[in-house]
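K.L.:
make a model of this:
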Amino acid sequence: MNWDDFRIISAICRAGSFSRAARALQIDETTVGRRLTRLESDAGAKLFEAIDGVRRPTGTCRAILRQLDEMEKAADDIRRILREGDQAQRILRLSTIAAIAEYWLAPELPTLLAEHPELTLRIETSDRNIDMSRWEADFALRLGRPARGAFLMRRVGQIGFSRVGPRGRIPRHAMLLAYPEPLDQTPEMDALRAIAGDREPRVETSDLNLMRALVLSGKGVAVLPDPLVRDLAADAAIEVTPLPIRREVWLLSQAHLRDDSLARAVAEWCASLFTARDGEPDLQPKDDIA
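P.N.:
Below you'll find the predicted structure:
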């Protein structure tokens, strides 16, 4: 067995199919299948099973994912050091929604990077809850308590919401700005439905900056996180009404990073962004494995 073969396992785990893994590795699909068959034969164990058209790792395969992830990071570091002569740089991956990235992370990110010159933080924004068990990220910031899994999770704060729209009685022609179907059961959508009555939303989007722009046009009504609307209270044409909605923010991190000093610094930085905003202490253990 060699690292070039182990890359096949990592690629299939991330991609969920031989064809997508082959494209990621820039080899042909038959090569992926042949080398996986050889690996399974050498190991004497099945590493993947096909479920609903997706290649899913078996228990044996899941047992080695952490080691594979560490091997892949080490290989990436070696390539970067040889290419750039940079003997210190570390890349850590953080996944979150765009609003948190823009309004919480971005303002404080220069300070974090100045304090840790060896750090490169790869931030990916998505409304999809990434799969920590498939090593899609080292850290994730999510709204709401996540399902249990083989990762560390910690409540780091909460976010308040407000109703924003034209001042005074909402006109019948106002655009109701809704979140898309995957977010239909959230407290903010319940609040919007209470405002809407029998009116149907005219726009569905998870882009909070788009919602904010439509509100600023004087035509839109939305329920938005407080940091996006604090400056709108001074606008005579816009009414901002705080709502009794609080969404918990949870930090997820890979368990093997528990004793990594740089990873812990990133985790503490993430937590400080929210405790500083809401002024409430963190009520969860700092390393709550769920």
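
K.L.:
can we go C-alpha only for contacts and neighbour counts from here?
P.N.:
Fine.

K.L.:
the stretch 51-200 of the chain: helices as residue ranges?
P.N.:
59-62, 65-84, 98-100, 106-115, 187-196 (DSSP state H, counting those that start in this stretch).

K.L.:
return the distance of the shortest one from the chain's centre.
P.N.:
Put plainly, it is helix 98-100. How far helix 98-100 lies from its chain's middle: 9 Å, per Cα atoms, centre = their mean, to the nearest Å.

K.L.:
what does the longest one give?
P.N.:
Put simply, helix 65-84 sits 22 Å off its chain's centre (Cα atoms, centre = their mean).

K.L.:
what's the answer for the last one, then?
P.N.:
Using Cα atoms, centre = their mean, the distance from the centre of helix 187-196 to the centre of the chain it belongs to is 25 Å.

K.L.:
output the below-cut-off pLDDT ranges for this structure.
P.N.:
Counting by pLDDT under 70, the chain contains low-confidence residues at 1, 80-81, 83-89, 276-290.

K.L.:
now with 80?
P.N.:
Scanning the chain for pLDDT under 80 picks out 1-5, 72-89, 127-135, 146-150, 168-173, 182, 197-198, 275-290.

K.L.:
can you map out the strands along it?
P.N.:
For the chain, strands defined by DSSP state E occupy the ranges 48-51, 54-57, 90-96, 119-125, 139-143, 151-166, 175-178, 203-204, 220-225, 238-254, 288-289.

K.L.:
got a markdown table for these, with mean neighbour count too?
P.N.:
A markdown table is the format used below for the strands of the chain (neighbours: other Cα atoms under 10 Å):
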| stretch | mean neighbour count |
| --- | --- |
| strand 48-51 | 13 |
| strand 54-57 | 19 |
| strand 90-96 | 19 |
| strand 119-125 | 15 |
| strand 139-143 | 23 |
| strand 151-166 | 23 |
| strand 175-178 | 25 |
| strand 203-204 | 14 |
| strand 220-225 | 25 |
| strand 238-254 | 19 |
| strand 288-289 | 14 |
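
K.L.:
quick one, which of the ones you listed is nearest to Ser17?
P.N.:
strand 54-57 (5.4 Å; Cα to Cα).

K.L.:
what's the closest one in contact with?
P.N.:
Counting by Cα atoms under 8 Å, 6 or more residues apart in numbering, strand 54-57 makes contact with Ile12, Cys13, Gly16, Ser17, Phe18, Leu47, Phe48, Glu49, Ala50, all of which sit outside it.

K.L.:
cutoff 6 Å now
P.N.:
Gly16, Ser17, Leu47, Phe48, Glu49 (Cα atoms under 6 Å, 6 or more residues apart in numbering).

K.L.:
list just the nearest of those residues to Ile91.
P.N.:
Nearest to Ile91 among those, with distances taken as Cα to Cα, is Gly16, at 24.0 Å.
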